[in-house]
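**Student:** structure, please.
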Amino acid sequence: FAMAESVDPLVQRAQARVGSVLNEKWTLESLLGVGGMAAVYAATHRNKKRGAVKLLHPELSHEPTIRERFLREGYVANTVDHPGAVRVDDDDVTEDGAAFLVMELLEGETLESRAERKGGRLPVSEVLPVADQLLDVLIAAHAKGIVHRDLKPENLFLTRAGVLKVLDFGIARLRENNEKSTATQTGSTMGTPAYMAPEQARGRWEDVDARTDLWAVGAILFNL
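**Tutor:** Coordinates of the predicted model:
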């Protein structure tokens with residue numbers, strides 16, 4: 001007989017929200033992904049507009065400081081003011097106290113998924129045009145004093161039209177400022193080791209700047 005496959009409790013809990021309506025406005029239609037901080041859903045507004053809803057996990061939503069930062073940092077991408085940074089259209093808090101952001105709904109796949117689908121690596125002819133788009137987004141971000149700090153294939157989304165979208169702008173800043181207990185709980189204080197520059201790996205946050213993102217771009221190119 002086949003043993004039942006274990007289900008991640010975070011995923012199971014997030015999946016249970018599918019079909020629910022947030023604040024009598026957004027119907028959660030399907031679960032797109034679950035991370036240490038939040039779950040992302042494809043959703044439809046009561047006015048029929050579609051969007052992606054990013055819902056902060058309940059245990060984090062009930063921490064006032066984290067909830068406020070999550071809602072505020074969601075607009076970092078809007079500050080970048082570049083089509084390659086995912087736009088945030090709204091924020092709110094559900095009836096049961098869970099904070100959420102509403103973003104543009106993307107169709108396509110992350111570079112991580114694309115690489116996995118193609119055997120783990122991508123040809124240079126695919127990677128270089130994506131890197132060119134990524135650097136263009138970073139020029140705009142760094143000009144506004146914004147450093148992403150968690151660039152990796154999982155946070156780079158390629159639309160069906162071939163347009164690169166950089167995900168999770170500002171989340172690294174939120175992670176950095178979390179209290180130690182919360183940071184340990186979410187497992188996301190340090191970022192992603194394979195793409196971290198030495199100053200970030202050593203926790204020297206005062207030395208983390210635009211060059212830290214460029215290190216991550218190099219690591220992404222190498223790994224893809």
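**Student:** which strand residues bridge residue 31?
**Tutor:** residue 41 (DSSP bridges).
**Student:** quick check, it in contact with residue 18.
**Tutor:** Yes. Applying CB atoms under 8 Å as the test, residue 31 and residue 18 come out as touching, 5.7 Å apart. (C-beta placed from N, C-alpha, C; glycine too.)
**Student:** what touches both of the two?
**Tutor:** residue 41 (CB atoms under 8 Å, 6 or more residues apart in numbering).
**Student:** now residue 87: phi and psi?
**Tutor:** The phi and psi values for residue 87, taken as degrees, to the nearest 10, are phi -70, psi 140.
**Student:** next one: residue 97
**Tutor:** Phi and psi for residue 97, reported as degrees, to the nearest 10, are phi 90, psi 10.
**Student:** among the helices and strands of the protein, which has the poorest mean pLDDT?
**Tutor:** Lowest on mean pLDDT, DSSP states H and E among the helices and strands of the chain sits helix 180-186, with a mean of 37.
**Student:** quick one: mean pLDDT for the helix or strand following that helix?
**Tutor:** Next helix or strand after helix 180-186 toward the C-terminus (DSSP states H and E): helix 198-201. The average pLDDT within helix 198-201 is 91.
**Student:** likewise stretch 119-130?
**Tutor:** 95.
**Student:** show me which residues of it are buried.
**Tutor:** Buried positions in stretch 119-130, judged by neighbour count with 16 or more other CB atoms under 10 Å: 122, 126-127, 130.
**Student:** any idea which helix is longest in this protein?
**Tutor:** Counting by DSSP state H, the longest helix found in the chain is helix 124-143.
**Student:** and it, what does it pack onto?
**Tutor:** Judged by 3 or more CB pairs under 8 Å, 6 or more residues apart in numbering; DSSP states H and E, the packing partners of helix 124-143 are helix 76-80, strand 156-159, strand 164-166, helix 210-223.
**Student:** list the contacts for the residue lying closest to residue 136 once chain neighbours are set aside?
**Tutor:** Nearest residue to residue 136, sequence neighbours excluded (CB to CB, 6 or more residues apart in numbering): residue 84, at 6.6 Å. Applying CB under 8 Å, 6+ apart to residue 84 gives the contacts 133-134, 136-137, 140, 163-166.
**Student:** how about those in TSV, adding pLDDT, distance to residue 7 and neighbour count?
**Tutor:** Written out in TSV, the entries for the contacts of residue 84 read as follows (pLDDT from 0 to 100; distance: CB to CB, whole Å; neighbours: other CB atoms under 10 Å):
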residue	pLDDT	distance to residue 7	neighbour count
133	98	36	19
134	98	34	22
136	97	40	14
137	97	35	23
140	95	40	16
163	96	34	14
164	97	32	20
165	96	29	22
166	95	30	21
